[in-house]
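Colleague: One predicted model, sequence on top.
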Amino acid sequence: MPTSIQQLETNFNLKYLKTIKWGTSFIENNNGIYIISTSKNKDFLPENDSPISFNEKQINLWKANAPKLLLNNKILTQKELTNQLSGFWLPDESILYIGKAEKQTLSERICQFYNHKVGKKSPHKGGYWLKLLNDIDNFYIHLFSTKESHEIEEKLLRYFIQNVSEMTKLKLIDNKLCLPFANLQLRSRVVKSHGFSNHYQ
């Protein structure tokens, strides 16, 4: 069964702070976990398959910033690129990314995400697939306080993987490491089989 944010909050005893819309400036001096979702509602799960739609400007920026980008060691067309990304979309999930603010405050880490340019190594390459989507301005960020964000992040991701629906698994390119769409790794060296190389410079 797909995973709601409320399930994660309850099952892992997360300390909820607030929910903000993507792009909103805020002050939050705690370390912790942030979960990016298609909904403000922590209980929300899509009733119908939610479609994926890409921002052509951001796709072009990615290719410009990472000019040596390859898919399975081959130069790819824009259609091949978006088809590949679509193969990692989970249409019955509302959670798009689970991240941590371990060395910075939540405010600082989210600000880095806002400022990140696709195709670059810093300041926040984790989750950059999110910035390729058309609807990003309609997404929400759910903030939770914890001093154990590194350990908690992996536990949340493992729970998500274990509960991906069998129907969705059939559609995924990598149906073993069924992470949220914009999470590219479970931990260091445990990475989605996405096929991209040189995807940031």
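Modeller: In hand now; what should we look at? Numbers count the residues shown, from 1 in each chain.

Colleague: Double-check that T168 belongs to a helix.
Modeller: Yes. Using DSSP: H, G, I helix; E, B strand; the rest coil, the assignment for T168 is a helix.

Colleague: Against L70, how distant is it?
Modeller: From T168 over to L70 the distance is 27 Å, taken as C-beta to C-beta, to the nearest Å. C-beta here means a position set from N, CA and C on the backbone, and glycine is covered the same way.

Colleague: ok, now S149?
Modeller: In terms of C-beta to C-beta, S149 sits 33 Å off from L70.

Colleague: Who has more neighbours out of those two?
Modeller: Neighbours were counted for S149 and for L70 using other C-beta atoms under 10 Å; S149 has more, 23 against 14.

Colleague: Grab the nearest non-local neighbour of the more buried one.
Modeller: Distances taken as C-beta to C-beta, 6 or more residues apart in numbering place K100 nearest to S149, at 3.8 Å, with adjacent residues excluded.

Colleague: Give me the pLDDT value at the one you found.
Modeller: Listed pLDDT for K100 reads 97.

Colleague: residues making contact with whichever strand or helix holds Q58?
Modeller: Per DSSP states H and E: Q58 is located in helix 56-65. Residues lying outside helix 56-65 but in contact with it, judged by C-beta atoms under 8 Å, 6 or more residues apart in numbering, are 69, 78, 81-82, 117-120, 131-132, 199-201.

Colleague: how about the CA coordinates for that helix, as PDB?
Modeller: Only the C-alpha atoms of helix 56-65 are listed here, as PDB (Å, rounded to 0.1, in the frame of the first residue of the first chain):
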ATOM      1  CA  GLU A  56      11.200  21.800 -21.000                       C
ATOM      2  CA  LYS A  57      13.200  24.900 -19.800                       C
ATOM      3  CA  GLN A  58      14.600  22.900 -16.900                       C
ATOM      4  CA  ILE A  59      15.300  19.900 -19.000                       C
ATOM      5  CA  ASN A  60      17.300  22.200 -21.400                       C
ATOM      6  CA  LEU A  61      19.100  23.800 -18.500                       C
ATOM      7  CA  TRP A  62      20.100  20.300 -17.200                       C
ATOM      8  CA  LYS A  63      21.600  19.400 -20.600                       C
ATOM      9  CA  ALA A  64      23.400  22.800 -20.800                       C
ATOM     10  CA  ASN A  65      24.900  22.500 -17.300                       C
END
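
Colleague: Next, count neighbours for the residue nearest to P180 when sequence neighbours are not counted.
Modeller: Nearest residue to P180 in three dimensions, chain neighbours excluded: I95, at 5.0 Å (C-beta to C-beta, 6+ apart). Other residues lying near I95 total 28 when counted by other C-beta under 10 Å.

Colleague: Thank you, goodbye.
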